[in-house]
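J.: Sharing a model that was predicted from the sequence below.
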Amino acid sequence: MTNEKANCILVCAILLLRLTKSQTTQYGVARSIPLSDKGISGTPFIVSTGVSRLKCMEGCRRHNCTSFNFGENRCELHATFVCEGSEGLEARPGFRYYDVEVGDMIPMADTFRNHENCLTIGHCSPKCYFPTTTTTTIPEITTAVATTSTTSTTLSPSTTTTTTTAPTTSGMTALGPPGPGDVTYICLVNADCTASNSDCRNGVVCECVAGYSYHADTKSCVTSCPNGYGTTFTGTTGFYVFGKDLGVYNYYNLPAFNVPSCQQQCIDTVDCVSMEYDDSILDCYMSAVTKIGNEGSWSSDPFFTYWQRNCA
């Protein structure tokens, strides 16, 4: 297990997209929402069948997509995203929806993954909460080309620069508790977060620091949960607890090797209070400990995210 962590210098960028626009190279991050059997509605500008998820992401990179659906070896690239315009999620058995973040949105890619709107209606992208100015490819479909293994739609894209505004709260849960400074409330700097053992993650939202779980009843960050642990997690990117694992899971023993399935495995594992996900090799690690009391094992790695369970 520890050797596998040491080998995470292998870069398998399945969730990292290199987006090329004109003569510049821009890096992006794709994240599936924690809702299965869902996809964005509307008409995709490219559809490919008989492809892998990695090929789908490569297609997104080449064509500068804003989001995509993937399932059953079918890839659907979109020039819009959930929260923008009239498009929303629809039932798509066997599919998952992926937000693609670029530029200033990359550091905030995971910020809202524990927010109720993300967990219930798929509003996980930071673009759902903050206005952005982006260059969007709006394709005009021209021909369809079919082969024995792959069906693709070719297009002649036109480009337009648009400014999106943060959506209204109609039909959405208000962001966090009503009091400024509380955990899960919006912030700009750490001083905005008045709850003990919390900080301002990515200059966006107050969250408990690593080693502490959020206790909603008291709006506090605690080291132990009086009524046990719940089903939500708080993530800290770039770190993990070395050598304290209950088990290792990947595509050999998990039906879907992604963050939501890894978190569900932790929920289902006795004594699991935290887990770590390795974006480079897509492994997840269950743990019965947190950072508190294991500071000597607290290690940094840009491909890891440490996820600690919040209180029930």
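T.: Structure received. Everything numeric here is computed off the predicted structure, so don't read it as measured data.
J.: Run through the helices of the chain in chain order.
T.: Secondary structure of the chain (DSSP state H): helices at 2-6, 53-63, 116-121, 259-268.
J.: could you redo those helices as a markdown table and give each row mean neighbour count, mean pLDDT and distance to residue 243?
T.: All C-beta spots, glycine's among them, are computed from the backbone N, C-alpha and C. Below are the helices of the chain laid out as a markdown table (neighbours: other CB atoms under 10 Å; pLDDT from 0 to 100; distance: least, CB to CB, whole Å):
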| stretch | mean neighbour count | mean pLDDT | distance to residue 243 |
| --- | --- | --- | --- |
| helix 2-6 | 12 | 42 | 5 |
| helix 53-63 | 18 | 83 | 30 |
| helix 116-121 | 18 | 84 | 31 |
| helix 259-268 | 19 | 89 | 17 |
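J.: Just send these back as a markdown table, with distance to residue 89 too.
T.: Formatted as a markdown table, the helices of the chain follow (distance: least, CB to CB, whole Å):
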| stretch | distance to residue 89 |
| --- | --- |
| helix 2-6 | 35 |
| helix 53-63 | 18 |
| helix 116-121 | 7 |
| helix 259-268 | 15 |
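J.: Which among those is found nearest to residue 212?
T.: helix 259-268 (16.9 Å; CB to CB).
J.: Go ahead and name everything in contact with that closest one.
T.: 32, 34, 36, 113, 231, 233, 249, 254-255, 272-275, 277, 284, 286, 305, 307, 309 (CB atoms under 8 Å, 6 or more residues apart in numbering).
J.: Now the buried members of those.
T.: Burial by neighbour count, 16 or more other CB atoms under 10 Å: within those this picks out 32, 34, 36, 113, 233, 249, 254, 272-275, 277, 284, 286, 305, 307, 309.
J.: Among these, name the ones in strands.
T.: Those of those mapping onto strands are 32, 233, 249, 274, 275, 277, 284, 286, 305, 307, 309, per DSSP state E.
J.: The fifth one bridge partners, please.
T.: Translated: residue 275. Applying DSSP bridges to residue 275 yields these beta-bridge partners: residue 286, residue 307.
J.: Find me the pLDDT at it, would you?
T.: At residue 275, the pLDDT value in this model is 93.
J.: quick one: it and residue 305 touch, right?
T.: No: using CB atoms under 8 Å, residue 275 makes no contact with residue 305, being 9.3 Å away.
J.: Could you list which residues are in contact with the residue nearest to residue 310 when sequence neighbours are not counted?
T.: Spatially, and ignoring its direct neighbours in sequence, residue 310 is nearest to residue 214 (4.2 Å; CB to CB, 6 or more residues apart in numbering). Contact analysis of residue 214 by CB under 8 Å, 6+ apart lists 183, 184, 207, 208, 220, 221, 232, 234, 310, 311.
J.: Give me the lowest-pLDDT entry from those.
T.: residue 184 (79).
J.: pretty sure it is touching residue 208, no?
T.: No: in terms of CB under 8 Å, residue 184 does not count as a neighbour of residue 208; the distance is 9.6 Å.
J.: that older thread, which of the helices of the chain sits closest to residue 106?
T.: Residue 106 sits nearest to helix 53-63 of all the helices of the chain, at 14.4 Å, using CB to CB.
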